[in-house]
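# Next one to model:
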Amino acid sequence: MSRMMLSLILLTAPISQTMGETNVETEIQLLIHAVRKSGCDFDRNGTLYKAGRAAEHLELKYARDKRYADSAEAFIERLATGSSWSGEPYWMICDGDKTLAAEWLSKKLESSQAE
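As a prediction, the model looks like this:
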């Protein structure tokens, strides 16, 4: 009986790890989708981009550097906070209000986790 339980545990471990990665992936994709649907402008290195273009940029950064985003919080902190090239922060400009992209994304993440 114990060998059978051990086999079952060993077989299900990769499934649970995959499920965890899927949840992280889903959270990150929801954040990118929130940017895309926001209607906000995105200030990147002093140039304003529409929301769809901003989402494309974040998707590119995520696709290129997934290894640094093992959680939605890490995605925000390591990839979506600012330019890796200039060091300048990203900004979301919504209805005239300018907010650091990291703060904006963190609020979106918090609200999605509260649901």
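
# who's in contact with the most centrally placed residue in the chain?
The centroid of the chain falls nearest to I28 when counting by C-alpha atoms, centre = their mean (3.3 Å). When the contact criterion is C-beta atoms under 8 Å, 6 or more residues apart in numbering, the partners of I28 are Y62, A69, A72, F75. (Each C-beta comes from the backbone N, C-alpha and C, glycine too.)

# That one in helix, strand or coil?
Assigned by DSSP: H, G, I helix; E, B strand; the rest coil, the conformation of I28 is helix.

# quick one, strands of this protein?
41-44, 47-50, 91-94, 97-100 (DSSP state E).

# For the first one, give me every contacting residue.
In this case it means strand 41-44. By C-beta under 8 Å, 6+ apart, strand 41-44 touches 35, 48-51, 53-54, 57, 83, 88, 90-94, 98, 101.

# And the third one, by the same measure?
Strand 91-94 has contacts (C-beta under 8 Å, 6+ apart) with 35, 38-43, 48, 98-101, 104.

# shaky segments in the chain?
1-22 (pLDDT under 70).

# which residues of it fall in helices?
With DSSP state H as the criterion, the chain has helices at 2-37, 51-64, 72-78, 101-114.

# which of those is buried the deepest?
helix 72-78 (a mean of 19; mean count of other C-beta atoms under 10 Å).

# ok, residues contacting it?
V24, E27, I28, L31, Y62, D65, Y68, A69, A102, L105, S106, L109.

# Just send those back as a markdown table, with distance to L79 too.
Below are the contacts of helix 72-78 laid out as a markdown table (distance: C-beta to C-beta, whole Å):
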| residue | distance to L79 |
| --- | --- |
| V24 | 13 |
| E27 | 13 |
| I28 | 9 |
| L31 | 10 |
| Y62 | 6 |
| D65 | 6 |
| Y68 | 6 |
| A69 | 6 |
| A102 | 10 |
| L105 | 10 |
| S106 | 13 |
| L109 | 13 |
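
# Thank you, goodbye.
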